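Asker: Sequence and computational prediction follow.
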Amino acid sequence: MRTVKILAEYINGNELVRFDNIGLTFIPGQSGFTSSGCSEFNAGEILNGWNFQSTAGVTSVANEGNPPNCIRIADAGGGLTLATAPPKFTGNWSGGSGDIRFDLKVTTSLTQKVLAPFLIRISGPNGSAEIAMTEAWIDSIRNKWYSFQFPLGDSAWELKSGTWQGLLQQVFDVKLYLEFYDGTAETMFFDNFCLTLLTGNKPNFTGSSLLRFYPNPTKGEINLQHVYDKLTLFDLHG
């Protein structure tokens, strides 16, 4: 269970509702995140459990992506677009190393950039940490795809509260601000959000995480969708 909602509408018309003493009599358990997980937003996955706030609509599209199939987010006035990762990415991230990766693209004719409070934020009862958006990154995603990669090490993040090790032991929330220009004439595209944890400097591969690369076919760059300590190319032809 991730969210508890209380409906506070009891009368047809104007009313004033007050809340008090809301709490739990227990500490919710949190499972450990193991190996790797991705939201690739393939056909049929729709939003893959993600929640988006302050948008004019979120849809799954097949004619965009890196590779095709991704999430398209229409901008809305009155607030910055905020994405919250599904529960499958939360839990115990400690005990090794790893990284977070995702692809972004924004199509717009606007020119005035917006630096949101953060690009990505992880938080839990033992602390929080962020990575700030930069104008250079906004330039990198303007009308083209750009792949972000952030290692799960304290030197890559700005610790806002608590301790790094304490935070990784209980990551309850992962959020991204997906707002980059001042105005509503922008469309964001979001794809391939992946969290990979390494234990003992070796990736734990399961199921479909064995080996994924794109684009295929290609005449130039090949992207491998995982984390490897060492890669050796024995043969490449075709």
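Answerer: Right, received. Where do you want to start? Bear in mind the structure is a predicted one, so any value in this text is a computation, not a measurement.
Asker: give me the element Asn192 is part of.
Answerer: Element membership for Asn192, per DSSP states H and E: strand 186-199.
Asker: Counting by contacts, list what that strand packs against.
Answerer: Judged by 3 or more C-beta pairs under 8 Å, 6 or more residues apart in numbering; DSSP states H and E, strand 186-199 is in contact with strand 36-39, strand 55-65, strand 68-75, strand 97-108. The way it works is simple: take the backbone N, C-alpha and C, and place the C-beta from them, glycine included.
Asker: need those in CSV with distance to Asn143, mean neighbour count and mean pLDDT, can you?
Answerer: CSV is the format used below for the helices and strands packed on strand 186-199 (distance: least, C-beta to C-beta, whole Å; neighbours: other C-beta atoms under 10 Å; pLDDT from 0 to 100):
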stretch, distance to Asn143, mean neighbour count, mean pLDDT
strand 36-39, 23, 21, 87
strand 55-65, 12, 15, 92
strand 68-75, 14, 21, 94
strand 97-108, 6, 20, 94
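Asker: In CSV: the ones you listed, plus distance to Gly153.
Answerer: Formatted as CSV, the helices and strands packed on strand 186-199 follow (distance: least, C-beta to C-beta, whole Å):
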stretch, distance to Gly153
strand 36-39, 17
strand 55-65, 29
strand 68-75, 28
strand 97-108, 7
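Asker: returning to what we had before: can you tell me the strand partners of the strand holding Asn192 and which way each runs?
Answerer: strand 36-39 (antiparallel), strand 68-75 (antiparallel), strand 97-108 (antiparallel), strand 202-203 (antiparallel) (DSSP bridges).
Asker: closest one to Ser161 among those?
Answerer: Using C-beta to C-beta as the criterion, the shortest distance between Ser161 and the strands paired with strand 186-199 is 19.3 Å, found for strand 97-108.
Asker: I'd like to check the angle between whichever helix or strand comes after the closest one and strand 186-199, please.
Answerer: Counting by DSSP H and E, the element after strand 97-108 in chain order, helix or strand, is strand 120-124. In terms of direction (axes from the mean of the first three to the mean of the last three C-alpha atoms, to 10 degrees), strand 120-124 departs from strand 186-199 by 50 degrees.
Asker: where are the low-confidence patches of the protein?
Answerer: For the chain, the stretches flagged by pLDDT under 70 are 1-3, 5, 26-35, 96, 199-238.
Asker: State the distance from Met133 to Arg121.
Answerer: 11 Å (C-beta to C-beta, to the nearest Å).
Asker: hang on, the earlier thing: how distant is the strand holding Asn192 from the center of its chain?
Answerer: Put simply, strand 186-199 sits 5 Å off its chain's centre (C-alpha atoms, centre = their mean, to the nearest Å).
Asker: related to what we said a few turns ago, and the helices and strands packed on strand 186-199: which comes nearest Gly166?
Answerer: Using C-beta to C-beta, the nearest of the helices and strands packed on strand 186-199 to Gly166 is strand 97-108, at 16.9 Å.
Asker: Please name the nearest non-neighbouring residue to Glu130.
Answerer: Phe118 (4.0 Å; C-beta to C-beta, 6 or more residues apart in numbering).
Asker: right, and the one you found touches Ala129 too?
Answerer: No - checked against C-beta atoms under 8 Å, the pair Phe118 and Ala129 is beyond contact range at 9.4 Å.
Asker: more neighbours, those two?
Answerer: Neighbours per residue (other C-beta atoms under 10 Å) separate Phe118 from Ala129, with Ala129 holding more: 23 against 17.
Asker: Which strand or helix spans that one?
Answerer: With DSSP H and E as the criterion, the answer for Ala129 is strand 127-131.
Asker: Nothing else from me, thank you.
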